[in-house]
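**Student:** let me see the structure of the following:
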Amino acid sequence: LETSLKSKISGAIKVGDWTKFYTRKYDLGTGMSGVVFLVQLNSDPTQTFACKSIAKGRLQHDEIDDLRAEIALCASLDHPNIVKIVESFESDHDITMVMELCKGGELYDSLIDEGSYSQRRAAE
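**Tutor:** Okay, the predicted model is just below:
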């Protein structure tokens, strides 16, 4: 990631509306806890990210606390094989994570197509 982007990663969840800073473009995929979608940075439309919003209404209070702790932990990690959380936002209704965009498709689909991976192939 660019140095300017890395400097934004703090683990602190911002209170407010993520749509003031990003524009939702299209869905990238669906996971267990919701849809992951592409967003574009309003101040620099050349920068795109993956984004996921989790509705707080679907979670118990302790699960919301766990999610906040997980966001702080993930934001503190710096490894090329771990997706970076760039920013996160919390509103009355949801918690939204803006993450590094990983291109190359779904790992699961690739595993199904290939059947198995050698260590060398997985590194690609």
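
**Student:** residue closest to the middle of this protein?
**Tutor:** In the chain, the C-alpha nearest the mean C-alpha coordinate belongs to Met99, at 3.2 Å (Cα atoms, centre = their mean).

**Student:** what is the neighbour count of Asn30?
**Tutor:** Quick fix: residue 30 is Thr, not Asn. Number of residues near Thr30 (other Cβ atoms under 10 Å) recorded here: 10. Yep, even glycine has a C-beta here, placed from its N, CA and C like the rest.

**Student:** now Arg58
**Tutor:** If you count neighbours by other Cβ under 10 Å, Arg58 ends up with 11.

**Student:** state the phi and psi torsions of it.
**Tutor:** Note on Arg58: its backbone torsions stand at phi -90, psi 0 [degrees, to the nearest 10].

**Student:** rewinding a little: what strand or helix carries the nearest residue to the residue nearest to the centre of the chain once chain neighbours are set aside?
**Tutor:** Spatially, and ignoring its direct neighbours in sequence, Met99 is nearest to Ala50 (4.7 Å; Cβ to Cβ, 6 or more residues apart in numbering). Following DSSP states H and E, one finds Ala50 within strand 48-55.

**Student:** following element in sequence after that strand, please.
**Tutor:** Moving toward the C-terminus from strand 48-55, the next helix or strand (DSSP H and E) is helix 61-76.

**Student:** quick one, that next one and strand 48-55 angle?
**Tutor:** Between the axes of helix 61-76 and strand 48-55, defined by axes from the mean of the first three to the mean of the last three Cα atoms, to 10 degrees, the angle is 160 degrees.

**Student:** measure the residue nearest to Asp17 when sequence neighbours are not counted to Gly34 for me?
**Tutor:** In space, and not counting its chain neighbours, Asp17 is closest to Ser91: 6.0 Å by Cβ to Cβ, 6+ apart. Counting by Cβ to Cβ, to the nearest Å, the separation of Ser91 from Gly34 is 15 Å.
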